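Peer 1: Make a model of this:
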Amino acid sequence: MKFRRNGAILGLSLEPDEVKICSLRRQGKGIEASKPVSAPLSALAFKNDPVNTGTVLRHHLKAAGIRPGRCVVCIPLTWAFTAAVDLPELTVADLQGFVELEAERRFPLSATELQVTVVHPHVEQGARRGLLVGVPTQFVSSVEAALKAARLQPVAITLAISALADDASITDGVLLQLGKGYVDLAVVGEGGLLAIRNLVWSESTSEAANLPDVREIARQLRISLAQATPERRGLLKSAVLYGVEDWPPALRHRLSESLSTLGIAVTAGSLSSVSTPVQTAPALHAAAARALLGFPLSVNVLPKRKSRFHASARLSSGGIRRAIIGAVAAVILIIGAFWWQGQRLASLDATWAAIGPRVTAVKDLQDRVRKYRTWYDEAVPSLSIPKCIATAFPEDGTVWVKTLNVKDGVNVTCTGSARSRSEWMQVMDKLGKSGELDDLQVVQTRGDTPFGFALTFRWKRRE
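Peer 2: Numbers count the residues shown, from 1 in each chain. Got it, this is the predicted structure:
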C-alpha cells in the first residue's frame, strides 16, 4: 500500500527496555529529522499492559513537546514468524488463500491468529519465491490499543530490519542492525529481501553481562548464509552495519574480525532518505521516512480498515415544498428498506433452518480436531530423528550435517563433514550406542581435512 504524503510523521521503535521516538518533517524536497528521544517503556509492556503503557507514552510525548499525530511503529523481530515459500502463478484472490494455507503449515498459529504478509517476491533458480512474514494478531492489537491510548494514528506497523532493507542501496549483501540487547539480520539479493532473522534478543540491557557474544553472532550468520544457494552465497561478500553507536568500540572491532574470517567485508551503513545526519535508530528513521515520502514498506502488518463513507444532505432554498417531497421520499425509502430487510431475513432464516444442523455438526468436528490434533499429529514425532542425530554431534561444530533425507519415516540418509576422522568416529560411536537406530552403514568417506562422509540407517519406529 502507498501512504498519503503529509508534512510530518512520528516513528516509534519498541526496544528491549525503552521506546525510541523520532519526528520527521518534509523540508523542501528532502526530510529533516529532529533529535531522537526515548521513553523508559519496554516492548514487553506494550504486550502485557497496552492501555497504561499508551497513557504513559502520551505523557512522555507531551513532556518532550511532541504533538500526537500519524506514526510508524517498528516492533521487535522476535514477535514475527518468517519462512521462504515458492509462489505459484496465481491471481491475487487465489494467492491470498495460498498464503493463508502456507501460514497454517509453517507457523505454530492458525491464519486467523496471525497478520500475514508476503515480502517482495524474487526469482531464484527459475522459481518465484517470497518471504512469508506473520505476526500474532494479539500482539498487533496490543500495539494498536497502546497507540490509541497515546492518541497516535498508526499508518504502518513494520519490522525495523525490513525498513533498512527497503532503504539500502546494495543489491546483494547482509544487513546487521545492532542495538542495545539485540542484533537483527537481513539477507538482500535480487533487489529484494531474501531472509530476516533475530540473532540476539535480551529483555533487559541493564547489565554488562547482557552484551552479545560476537562469536555466536558470526555462527548464526554462517548458518543463515548456508541456507542460500551456492551461487547466491558467492555474491554475499559484504555486510553493512547499522546502529554501531549502541555498541562499545572494542565489541564492534571483534565483530568485524569475526565476520572477516567468513570472507565478509564490513562497512558502516547510512540512510539515503534523510538529508540530515542520523545519530541513532537508523532503521526507525528509514521506516518513518518511507511512510512520509509515500513509499510502501515491504512489511506492514497493520490490519486494513474498511473505508468510511460520510454522506450529508442539505436542503436547498427551493422552499418547504421540496422539503416535504424529500421527507416523503425518505419515509418511503425507509419503509421499503425495512420491508426488503424483513423479506431478506425471512429468506436467510429459511436457508439456515435447512443447513443449520450440518453446519453445527461440522463445527463440532472442527472443534474436536483442533482439540486433539496435538495428540494425533505424526509430524512432531518425526522430529525425534534429527533430535537423535543432533544429540550425537558435538556442540562445538567440529562435525556438521549437510543433508538429511528421511524416506517412509524410517530410512534415513545423512551426509556431512568433520574436522577430522577421529571426531567423526566419536559421533559414529554415539550413534551406534543410542539404541534408536538399526543397520548403521557408512556409504562413503572422502578427504581428510575436512573429512566428508555419507551414512544410512533405519529408524526404530515407536508404536
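Peer 1: Sketch out the low-pLDDT regions of the stretch 51-200 of the chain for me.
Peer 2: Residue ranges of the stretch 51-200 of the chain with pLDDT under 70: 120-127, 169-170, 190-191.
Peer 1: quick one: the helices in it?
Peer 2: Using DSSP state H, counting those that start in this stretch, the helices of the stretch 51-200 of the chain run over 92-106, 137-149, 160-167.
Peer 1: mind listing what's buried in the one helix or strand Lys20 maps to?
Peer 2: Using DSSP states H and E, Lys20 sits within strand 19-27. Going by neighbour count (16 or more other CB atoms under 10 Å), the buried part of strand 19-27 is Val19, Lys20, Ile21, Cys22, Ser23, Leu24, Arg26. All C-beta atoms are positioned from the backbone trio N, CA, C, and that covers glycine.
Peer 1: Domain map for the chain?
Peer 2: Here the domain parsing of the chain from automatic domain parsing is 8-293, 381-459.
Peer 1: Looking at those domains, which is nearest to Leu345?
Peer 2: For those, distance to Leu345 was read as CB to CB. The smallest value, 27.2 Å, belongs to domain 8-293.
Peer 1: Could you work out the end-to-end span of that closest one for me?
Peer 2: Across domain 8-293, the terminal residues are separated by 10 Å (CA to CA, to the nearest Å).
Peer 1: Low-confidence stretches in the stretch 351-463 of the chain?
Peer 2: Per-residue confidence for the stretch 351-463 of the chain (pLDDT under 70) gives these ranges: 373-382, 461-463.
Peer 1: all strands for it, in order.
Peer 2: Taking DSSP state E, counting those that start in this stretch, the strands of the stretch 351-463 of the chain run over residues 399-407, 411-418, 437-446, 451-459.
Peer 1: possible to save those strands as CSV with distance to Leu77?
Peer 2: CSV is the format used below for the strands of the stretch 351-463 of the chain (distance: least, CB to CB, whole Å):
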stretch, distance to Leu77
strand 399-407, 26
strand 411-418, 30
strand 437-446, 37
strand 451-459, 35
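Peer 1: Out of the ones you listed, flag the one nearest Ser13.
Peer 2: strand 399-407 (35.9 Å).
Peer 1: packing partners for that closest one?
Peer 2: helix 384-392, strand 411-418, helix 421-433 (3 or more CB pairs under 8 Å, 6 or more residues apart in numbering; DSSP states H and E).
Peer 1: angle of the second one against helix 421-433?
Peer 2: Comparing the axes of strand 411-418 and helix 421-433 via axes from the mean of the first three to the mean of the last three CA atoms, to 10 degrees yields an angle of 150 degrees.
Peer 1: Over to the spatially most central residue of the chain: give its phi and psi.
Peer 2: With distances taken as CA atoms, centre = their mean, Ala80 lies nearest the centre of the chain, 3.7 Å away. Taking degrees, to the nearest 10, you get phi -110, psi 150 for the backbone angles of Ala80.
Peer 1: Who are the contact partners of it?
Peer 2: If you count contacts by CB atoms under 8 Å, 6 or more residues apart in numbering, Ala80 has them with Val133, Gly134, Val135, Leu159, Ile196.
Peer 1: Recalculate using a threshold of 6 Å.
Peer 2: For Ala80, the contact set (CB atoms under 6 Å, 6 or more residues apart in numbering) comprises Val133, Val135.
Peer 1: swap in Val119?
Peer 2: Contact partners of Val119, counting by CB under 6 Å, 6+ apart, are Leu131, Leu193, Ser298.
Peer 1: would you turn those residues into JSON lines with distance to Leu440 and neighbour count?
Peer 2: As requested, the contacts of Val119 are exported to JSON lines (distance: CB to CB, whole Å; neighbours: other CB atoms under 10 Å):
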{"residue": "Leu131", "distance to Leu440": "38", "neighbour count": "23"}
{"residue": "Leu193", "distance to Leu440": "42", "neighbour count": "27"}
{"residue": "Ser298", "distance to Leu440": "46", "neighbour count": "20"}
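Peer 1: Can you add distance to Gln426 and give those residues back as a markdown table?
Peer 2: Formatted as a markdown table, the contacts of Val119 follow (distance: CB to CB, whole Å):
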| residue | distance to Gln426 |
| --- | --- |
| Leu131 | 38 |
| Leu193 | 40 |
| Ser298 | 45 |
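Peer 1: Pick the most deeply packed of the domains of the chain.
Peer 2: domain 8-293 (a mean of 18; mean count of other CB atoms under 10 Å).
Peer 1: pLDDT score assigned to Ile324?
Peer 2: Model confidence at Ile324, given as pLDDT, is 88.
Peer 1: That one looks like it's in a helix, true?
Peer 2: Yes: judged by DSSP: H, G, I helix; E, B strand; the rest coil, Ile324 forms part of a helix.
Peer 1: For it, the count of nearby residues, please.
Peer 2: Ile324: 10 surrounding residues under other CB atoms under 10 Å.
Peer 1: Of the buried residues of strand 19-27, which is the nearest to Cys414?
Peer 2: Lowest distance from Cys414 to these (CB to CB) belongs to Lys20, with 45.8 Å.
Peer 1: mind checking how far that closest one is from Ile334?
Peer 2: According to CB to CB, to the nearest Å, Lys20 stands 53 Å off from Ile334.
Peer 1: State the distance spanning the first to the last residue of stretch 72-87.
Peer 2: In stretch 72-87, first residue to last residue: 29 Å (CA to CA).
Peer 1: Looking at the contacts of Val119, which is nearest Gly65?
Peer 2: Using CB to CB, the shortest approach to Gly65 within these belongs to Ser298, at 32.4 Å.
Peer 1: Isn't that closest one up against Asp167?
Peer 2: No: applying CB atoms under 6 Å as the test, Ser298 and Asp167 come out as separate, 10.5 Å apart.
Peer 1: does Lys35 count as helix, strand or coil?
Peer 2: Judged by three-state DSSP, the three-state class of Lys35 is coil.
Peer 1: Shouldn't Leu297 be within a strand?
Peer 2: No: assignment of Leu297 by three-state DSSP gives coil, placing it outside any strand.
Peer 1: Spatially, what comes nearest to it if we skip its sequence neighbours?
Peer 2: Excluding the flanking residues, the one nearest Leu297 by CB to CB, 6 or more residues apart in numbering is Thr158, at 4.8 Å.
Peer 1: Show me the beta-bridge partners of the one you found.
Peer 2: Listed beta-bridge partners, Thr158: Cys74 (assigned using DSSP bridges).
Peer 1: export the one helix or strand Ala250 maps to as CSV, just CAs?
Peer 2: Element membership for Ala250, per DSSP H and E: helix 249-260. Listed next in CSV are the C-alpha coordinates belonging to helix 249-260 (Å, rounded to 0.1, in the frame of the first residue of the first chain):
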residue,chain,number,x,y,z
PRO,A,249,34.2,0.2,20.1
ALA,A,250,36.0,-3.0,21.3
LEU,A,251,32.9,-5.1,20.7
ARG,A,252,32.5,-3.6,17.2
HIS,A,253,36.1,-4.4,16.4
ARG,A,254,35.8,-8.0,17.5
LEU,A,255,32.6,-8.4,15.4
SER,A,256,34.4,-7.0,12.3
GLU,A,257,37.3,-9.5,12.9
SER,A,258,34.8,-12.4,13.3
LEU,A,259,33.0,-11.5,10.0
SER,A,260,36.3,-11.1,8.1
